[in-house]
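Undergrad: what's the 3D shape of this:
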Amino acid sequence: MSEILTLKENRDFQRLYRRGKSYVSPILVTYIMKNKTDNLRYGITTGKKIGIAVKRSRARRIIRAAFSQLKSEIDSGYDIVFVARGKTPYVKSGDIKKAMEKHFSEAGIRKL
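TA: Predicted coordinates for the structure are as follows:
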């Protein structure tokens, strides 16, 4: 049974930035890489460029909400990192969801 886990270690994020495939949109950057487990692992990054803490928190919250709607449609065995961009705190989670769907389809990891 595969689990959905969160990435917490800096080395995991750095590995994805170096070796993972990136997919870019104006509101979100997604790094995807196959892992050696049967688990789906994800992490969210919001840098200081996004704005004050309230905006960074909102960006993480809407990314998490969009991902929670899509996680059942994704194949297990991947590491995913979402990087918020400057426009991220100003959009709805539905817009983020559309960007994620596009990125997952380009990567070929959607079950549907």
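Undergrad: okay, CA-based contacts and neighbour counts for the rest of this
TA: Fine.
Undergrad: residues near R58, how many?
TA: Neighbour count for R58, taken as other Cα atoms under 10 Å: 16.
Undergrad: can you name the residues that contact it?
TA: For R58, the contact set (Cα atoms under 8 Å, 6 or more residues apart in numbering) comprises P89.
Undergrad: would you verify that it is located in a helix?
TA: Yes - using DSSP: H, G, I helix; E, B strand; the rest coil, the assignment for R58 is a helix.
Undergrad: low pLDDT regions in this protein?
TA: Confidence mapping of the chain against pLDDT under 70 gives the ranges 1-2, 112.
Undergrad: quick one: the strands in it?
TA: Ranges of strands in the chain, per DSSP state E, are 4-6, 21-24, 28-34, 40-45, 78-84.
Undergrad: and of those strands, who's closest to S68?
TA: strand 4-6 (10.1 Å; Cα to Cα).
Undergrad: what comes up buried for stretch 41-56?
TA: Buried residues in stretch 41-56, counting neighbours by 16 or more other Cα atoms under 10 Å, are found at R41, Y42, G43, I44, T46, I50, K55, R56.
Undergrad: T30 and E73, how far apart?
TA: Distance from T30 to E73, counting by Cα to Cα, to the nearest Å: 16 Å.
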